[in-house]
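> I'll drop the sequence and a predicted model, then ask my questions.
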Amino acid sequence: QLQLVESGGGLVQPGGSLRLSCAASGFSLARFNVGWFRQAPGKEREGVSYIRNGGGGAYYADSVKGRFTIARDNAKNTVYLQMNSLKPEDTAVYYCAADLRVGSDWYTGTDFGSWGQGTQVTVSS
């Protein structure tokens, strides 16, 4: 079982920034497709961003496009989610997930077999 640990969440004012980290242990995260998801209270899980393995592309939900950036640091075995211009509606628990094979419907999360424990992001003044 892959181990993923998220960090970097917290309380930030609207318009602020946070950088979430998804660190892997015991395996090379570079081999895996990695996604970021979020779930707000009373809402369904939402796919936020996804980065393919092997230097493939990155994808974003329309709600975060232009504000969030996903990136890998293979030397640190970590995938980051840089979140800028945060809005109150970005408030949620954010999870990272990984798998070797992910289809075009990555945003459903159903193809991801390994998940982290989540980190809370709260955007409020």
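Okay, I see it.

> remind me which helix or strand the residue positioned nearest the centre of the chain belongs to.
Residue closest to the mean C-alpha point of the chain, counted by C-alpha atoms, centre = their mean, is Trp36 at 2.2 Å. Using DSSP states H and E, Trp36 maps to strand 33-39.

> got the contact list for the helix or strand following that strand?
As assigned by DSSP H and E, the chain's next helix or strand after strand 33-39 is strand 46-51. The set of residues external to strand 46-51 that reach it, using C-beta atoms under 8 Å, 6 or more residues apart in numbering, is 33-39, 57-61, 63-64, 68, 70-72, 79, 81, 92, 94, 102, 106-109. In short, each C-beta sits where N, CA and C put it, glycine included.

> send me strand 46-51 as PDB with only the CA atoms.
Below are the C-alpha coordinates for strand 46-51, written out as PDB (Å, rounded to 0.1, in the frame of the first residue of the first chain):
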ATOM      1  CA  GLU A  46     -14.400  17.300  -6.400                       C
ATOM      2  CA  GLY A  47     -11.400  16.700  -8.600                       C
ATOM      3  CA  VAL A  48      -9.200  19.800  -8.500                       C
ATOM      4  CA  SER A  49      -6.100  19.000 -10.400                       C
ATOM      5  CA  TYR A  50      -4.200  16.000 -11.900                       C
ATOM      6  CA  ILE A  51      -0.700  15.500 -13.200                       C
END
